[in-house]
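K.L.:
here is my input, please return the structure:
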Amino acid sequence: MPEKLPTAVETVDTTYLEGLVGYNASRAAIAVIEIFVKRMAVYGMRQVDFSVISLITHNPGITSRQLCAALGIQPPNLVAMINALEQRELIVRKPHPRDGRAVGLHLTPVGQKLMRDAERTAQALELDATARLTAAERKTLIRLLQKVYLQV
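P.N.:
Take a look at the predicted model:
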């Protein structure tokens, strides 16, 4: 009996994977992250740094505990990040007005300028990454993704 030759794939069938939310979300995230990494390098920011500084920007006085809860970051991981941002003179710690044990995080003038520039860059890169979507589709995509991860 002749030995059966191994099969060769000419065209890759990705149909099954393309029907999975996780696969599509991951592929979309990778595409956006690649652009983000390139454009945010000039600011010395990773995605998590941007998220932390953005929350401080829009919530002056936010505490580390609140940051951890909002971003799903473990406290030990945030400590080093906060210290690094403070060393870069982007943020300062100030006493919390109602909780003597807590400190609020605030942007310095240097941090404010950096975030104005970085948020403009983020807005532009988001538009570039989703250029094939209309504004309405972009809004719908964001809403649908939030329905998945917010689980509400």
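
K.L.:
not counting sequence-adjacent ones, nearest residue to the residue nearest the centre of the chain?
P.N.:
For the chain, the residue nearest the mean C-alpha position is residue 47 (4.5 Å; CA atoms, centre = their mean). Leaving aside its sequence neighbours, residue 47 sits nearest to residue 36 (CB to CB, 6 or more residues apart in numbering; 6.1 Å). Placement of C-beta: from N, CA and C, glycine included.

K.L.:
measure that neighbour to residue 111 for me?
P.N.:
Distance of residue 36 to residue 111, given as CB to CB, to the nearest Å: 19 Å.

K.L.:
leaving out chain neighbours, which residue sits closest to residue 93?
P.N.:
Per CB to CB, 6+ apart, closest to residue 93 is residue 103, 4.3 Å.

K.L.:
re earlier: so which residues make contact with the helix or strand the residue nearest to residue 47 falls within?
P.N.:
Per DSSP states H and E, residue 36 falls inside helix 21-40. Applying CB atoms under 8 Å, 6 or more residues apart in numbering, the contact partners of helix 21-40 are 17-18, 46-47, 50, 118, 121-122, 124-126, 128-130, 145, 148.
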